[in-house]
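Chemist: Just to be clear, the model below is a prediction. Sequence and coordinates:
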Amino acid sequence: MEKYETKTKQGKIERRVYIDSGKFVVYGYESEGKLTNKVRLLLSGSEKKSVFLITTGRGKGIVVDADYEEDVYILKNGEAVKISDLLS
């Protein structure tokens with residue numbers, strides 16, 4: 001398994017794929033060549049927070065709190081990049 005991959009509770013392998021960054025990092029999960037309906041948002045600074053943004057259809061979605069992980073890797077431009085390196 002590559003550094004930027006993760007395994008779901010169902011045992012499916014997903015790749016963490018870079019979407020955007022700044023004072024935050026946004027990345028999605030790709031499985032079988034397609035982005036899934038969940039995106040993860042990490043905010044750094046005085047309040048470190050991580051949430052999943054999950055689309056449910058019709059332009060609506062839900063936000064689910066997640067463990068804050070800045071030492072994981074995501075795939076950016078074909079390379080494994082540590083999330084903490086992207087947080088400014």
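Modeler: Alright, I've got the coordinates. Just so it is clear, the model here is predicted, and its values are computed rather than measured.
Chemist: Please name the nearest non-neighbouring residue to Thr56.
Modeler: Spatial nearest neighbour of Thr56, chain neighbours left out: Ile62 (6.2 Å); criterion: CB to CB, 6 or more residues apart in numbering. C-beta: built from backbone N, CA, C; applies to glycine.
Chemist: and the one you found, how many neighbours?
Modeler: Applying other CB atoms under 10 Å, we find 11 residues neighbouring Ile62.
Chemist: Tell me the spacing between the residue located most distally from the centre of the chain and Leu35.
Modeler: Here the centre of the chain is the reference, and by CA atoms, centre = their mean the most remote residue is Arg58, at 22.3 Å. To Leu35, Arg58 is 19 Å away according to CB to CB, to the nearest Å.
Chemist: With Val64 instead?
Modeler: 17 Å.
Chemist: Likewise for Glu79?
Modeler: From Glu79 across to Leu35, the span is 18 Å (CB to CB).
Chemist: try Ile54
Modeler: Distance from Ile54 to Leu35, counting by CB to CB: 12 Å.
Chemist: Which one's more surrounded, Glu79 and Leu35?
Modeler: The residue with more neighbours, out of Glu79 and Leu35, is Leu35; 15 against 10, by other CB under 10 Å.
Chemist: Go ahead and confirm the more buried one touches Val17.
Modeler: Yes - if you go by CB atoms under 8 Å, Leu35 and Val17 touch, sitting 6.8 Å apart.
Chemist: Can I get the helix or strand containing Thr55 in PDB, CA atoms only?
Modeler: In the assignment (DSSP states H and E), Thr55 maps to strand 49-57. The C-alpha atoms that make up strand 49-57 are tabulated as PDB, following Å, rounded to 0.1, in the frame of the first residue of the first chain:
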ATOM      1  CA  LYS A  49     -10.100  21.000  13.000                       C
ATOM      2  CA  SER A  50     -10.800  18.200  10.600                       C
ATOM      3  CA  VAL A  51     -14.100  17.400   9.000                       C
ATOM      4  CA  PHE A  52     -15.500  15.200   6.200                       C
ATOM      5  CA  LEU A  53     -17.800  17.000   3.800                       C
ATOM      6  CA  ILE A  54     -20.100  14.400   2.300                       C
ATOM      7  CA  THR A  55     -22.400  15.200  -0.600                       C
ATOM      8  CA  THR A  56     -25.900  13.600  -0.300                       C
ATOM      9  CA  GLY A  57     -27.400  14.900  -3.500                       C
END
